[in-house]
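Peer 1: Sequence first, predicted coordinates after that:
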Amino acid sequence: QSIKFLGSTINNNMNRRSAIQSRMDSTRKLFKGLLPYLSELKAPMDLLMQFYGLVIVPCMLYGLKSMSVTSQNKSTLMRREISMIKELSTIAHPKPAQQSIASLLNNRTINRRMTITRIRYFGHIVRSNHQSMIKRAYKYNLNGMRRRPGRPLYTFQKTLLQDFNKYSDMMTIDEWGEAF
């Protein structure tokens, strides 16, 4: 049993995989629906990449900013992104020269954008009022409680720590604002 709420699928076992799969499926449906129109435009690849960044990526990331993500989820998102970019390159006019997907994305992959969005969302949580529901939920501490079998090992806090560790070596605090 599952329901749609604000574009995300909520089911009785709160399965992260089904929530991410739901986002990818709805994005794929949107993308497939727009392909004939984009094909008729005979647009160059740089314009198609701008379209991808402004329309497809926000659809894919909607609702994922507060979700903890596993490496399997990240690889699935990456595979979907690569397949959509390859499809865009087949309808571009003129056909683009052989370029790597990374150069087409200009180092703004879906996983990097999701990480940046998650860090920004954490900043929103930190700056919010102490009585706000989201801040109280984030700071809630289950002292003495153990994780039940079957509950996720990855939490929002653990995912944030991974994100901070990954990018803290690369940049100073001043560089964060400029880069993101």
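Peer 2: Thanks, I have the structure now.
Peer 1: Please make it C-alpha for all contacts and neighbour counts, starting now.
Peer 2: Fine.
Peer 1: residues in contact with Val57?
Peer 2: Contact analysis of Val57 by CA atoms under 8 Å, 6 or more residues apart in numbering lists Ile110.
Peer 1: change it to 10 Å
Peer 2: Neighbouring residues of Val57 by CA atoms under 10 Å, 6 or more residues apart in numbering: Thr27, Phe51, Glu81, Thr109, Ile110, Arg113, Met114.
Peer 1: what does Ile56 give?
Peer 2: Contacts of Ile56 (CA under 10 Å, 6+ apart): Thr27, Arg28, Leu30, Phe31, Met49, Gln50, Glu81, Met84.
Peer 1: most neighbours, which of those?
Peer 2: Glu81 (23 neighbours; other CA atoms under 10 Å).
Peer 1: Could you grab the helix/strand/coil label for it?
Peer 2: Put simply, Glu81 is helix when judged by DSSP: H, G, I helix; E, B strand; the rest coil.
Peer 1: Could you do Met67 as well?
Peer 2: When classified by three-state DSSP, Met67 comes out as coil.
Peer 1: any idea how far Val57 is from it?
Peer 2: Taking CA to CA, to the nearest Å as the measure, Met67 falls 16 Å from Val57.
Peer 1: repeat for Ile91
Peer 2: 19 Å.
Peer 1: pretty sure Met60 is touching Lys29, no?
Peer 2: No - using CA atoms under 10 Å, Met60 is not in contact with Lys29; the gap is 11.1 Å.
Peer 1: which residues does Cys59 contact?
Peer 2: Cys59 makes contact with Gly7, Arg23, Met24, Ser26, Thr27, Arg28, Leu30, Phe31, Tyr52, Gly53 under the criterion CA under 10 Å, 6+ apart.
Peer 1: any idea which element the closest residue to the third one other than its chain neighbours lies in?
Peer 2: Spatially, and ignoring its direct neighbours in sequence, Met24 is nearest to Met60 (6.1 Å; CA to CA, 6 or more residues apart in numbering). Element membership for Met60, per DSSP states H and E: helix 57-61.
Peer 1: Using CSV, write out every CA atom in that helix.
Peer 2: C-alpha atoms of helix 57-61 as CSV (Å, rounded to 0.1, in the frame of the first residue of the first chain):
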residue,chain,number,x,y,z
VAL,A,57,17.2,17.7,-12.9
PRO,A,58,14.8,19.6,-10.6
CYS,A,59,12.1,16.9,-11.3
MET,A,60,14.6,14.2,-10.4
LEU,A,61,15.8,15.9,-7.2
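Peer 1: just how off-centre is that helix within its chain?
Peer 2: Put simply, helix 57-61 sits 7 Å off its chain's centre (CA atoms, centre = their mean, to the nearest Å).
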